[in-house]
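> model the structure of this input:
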Amino acid sequence: MSQSASKARTITAAVRSGRSRLYRQAIPVLAVAVAALLTGCADLRRDSVTVGAIPDDYRTNHPIVIAEKNEKIDLPVGAGDRGMTRSQRDTLLGFLDGYDKSAAPTLTIAIPSGSANEIAATAAGRDFARLAIASGISRNRIVMTTYQSASAEASAPIRVAYVSVKAQTDKCGRWPEDLLQTSENKHYADFGCSYQNNLAAQMANPADLIGPRKQTPIDAENRSAVIDVYRDRGISDEFLGNSEVDY
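Residues are numbered from 1 along each chain as shown. The predicted structure follows:
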């Protein structure tokens, strides 16, 4: 073998050995770089989820929920009263106006016991029950009960109560932070609370928040009358002219 050929083989082997060392050194560097990139992506994703989870919507901060609410009223009764008075009658009728006869919850009439007006309250309580029946409340949904008065020398009111389903939200007035001490362009804690409370108070049927009601039957007579008026009037002159609009 010639001396030149031997040198060539030696150089080739050295080059291959150098490339192998470079590959072995490059693999750990590439692995560290890839791990760093993946870690950066994971950090960005985690921060994004955390920031996105902060509520910034008044409907989320002050949600309207449908829940049971105890409607109650205390009607004062004088020790010298003989039955239900006109003022008590008007107040009780106004209170019973919110009673849902379709749901028919239990109406509780609690009469004080051991109070100075116990006898007068018992007579007035019976009149309250008769008035409730006359208002359309079923007799078997009225419960007469008693409660112990705190003082035997003072008069205690008659407590009338029933449970209703209401749309409601949390109370307003939360100011945990100073509006001038924040640089975030987000809603303050009490933002939208009054609007949500007003909307909940206007809901006559809280079930409307869950889904639409079934359509009522069409009034064929009224529909026919509307069509007759439309036919008799004909087409208005303002629609027969030029349809172009001048700006």
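> ok, the most centrally placed residue in the chain - contacts?
Nearest residue to the geometric centre of the chain (CA atoms, centre = their mean): I64, 1.2 Å. Going by CB atoms under 8 Å, 6 or more residues apart in numbering, I64 touches 167-169, 196, 199-200, 209. The way it works is simple: take the backbone N, C-alpha and C, and place the C-beta from them, glycine included.
> just the buried members of those?
In the contacts of I64, burial by neighbour count holds for 167-169, 196, 200, counting by 16 or more other CB atoms under 10 Å.
> closest to A124 out of those?
Set against A124, the nearest of the buried ones among the contacts of I64 by CB to CB is Q168 (31.2 Å).
> which residue is the nearest non-sequential neighbour of S115?
S149 (3.5 Å; CB to CB, 6 or more residues apart in numbering).
> and A104, by the same measure?
R141 (5.3 Å).
> per-residue confidence for that neighbour?
Model confidence at R141, given as pLDDT, is 94.
> you'd agree it is up against T108?
No - contact between R141 and T108 fails when scored by CB atoms under 8 Å: they sit 9.9 Å apart.
> re earlier: can you report how many residues neighbour the residue nearest to A104?
16 (other CB atoms under 10 Å).
> and it, what does it touch?
Going by CB under 8 Å, 6+ apart, R141 touches 104-107.
> top of those by number of neighbours, please.
That'd be L107 among those, by other CB under 10 Å, with 23 neighbours.
> ok, now which ones touch it?
96, 99, 132, 137, 141-143, 160-162.
> of those residues, buried ones?
By 16+ other CB under 10 Å, the contacts of L107 give 96, 99, 132, 137, 141-142, 160-162 as buried.
> between those residues, which is nearest G125?
Of the buried ones among the contacts of L107, the one sitting nearest to G125 (CB to CB) turns out to be V160, at 9.0 Å.
> so where's the chain uncertain?
1-55, 234-247 (pLDDT under 70).
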